[in-house]
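> Make a model of this:
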Amino acid sequence: MQLTKYEKEMLEGAHGEAKKFAMEVLIRLGKIYGADRMVKIVSAHIMAHYGSLHDAGIELVEKFVNMGGESFVFLLRKTPLQYRLDIGKK
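Residues are numbered from 1 along each chain as shown. The predicted structure is shown next:
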């Protein structure tokens with residue numbers, strides 16, 4: 001897959017473990033679907049509920065946040081919980 005300089009940096013971990021992890025997942029998906037490059041986006045939204053996420057999905061979100069993922073907002077019993085961590089800051 002053709003990557004930009006910044007995408008390569010993310011894949012190599014230069015911008016934090018969360019972005020590295022995300023790039024590894026995206027590269028695998030790109031290979032599955034035969035993508036030759038990434039498409040620039042401004043924002044993304046993932047919607048799921050515990051009935052579809054189960055414990056594994058919650059663990060994945062927690063893993064991403066603990067690696068420095070920037071921001072997650074999700075609802076649990078109609079109570080918003082937000083995790084905000086700055087990438088690169090410990």
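
> Let me know how buried the spatially closest residue to F64 that is not a sequence neighbour is, in neighbour terms.
Spatial nearest neighbour of F64, excluding adjacent residues (Cβ to Cβ, 6 or more residues apart in numbering): A18 at 5.6 Å. Where C-beta positions appear, they are placed from N, C-alpha and C, glycine not excepted. A18 has 21 neighbours, counted by other Cβ atoms under 10 Å.

> My guess is A18 contacts M67. True?
Yes. If you go by Cβ atoms under 8 Å, A18 and M67 touch, sitting 4.2 Å apart.

> So V65 lies in a helix, does it not?
Yes. Membership of V65 in a helix is supported by DSSP: H, G, I helix; E, B strand; the rest coil.

> if I look at it, how far off is G16?
Look at V65 and G16: by Cβ to Cβ, to the nearest Å, they are 12 Å apart.

> out of the two, which sits in the more crowded spot?
Taking other Cβ under 10 Å, V65 and G16 do not tie; G16 has more neighbours (19 against 16).

> does that one really touch F64, like I thought?
No. Using Cβ under 8 Å, G16 and F64 do not qualify as a contacting pair, with a distance of 10.7 Å.

> Quick check: mean pLDDT of stretch 22-37?
For stretch 22-37, the mean per-residue pLDDT is 91.

> contacting residues around that stretch?
For stretch 22-37, the external contacting residues (Cβ atoms under 8 Å, 6 or more residues apart in numbering) are 1-3, 7, 10-11, 38, 64.

> Any of these buried? List them.
Among those, those classed as buried by 16 or more other Cβ atoms under 10 Å are 7, 10-11, 38, 64.

> can you redo the contacts of stretch 22-37 as TSV with distance to I27 and secondary structure?
As requested, the contacts of stretch 22-37 are exported to TSV (distance: Cβ to Cβ, whole Å; DSSP: H, G, I helix; E, B strand; the rest coil):
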residue	distance to I27	secondary structure
M1	6	coil
Q2	11	strand
L3	8	coil
E7	9	helix
M10	10	helix
L11	7	helix
M38	9	coil
F64	16	helix
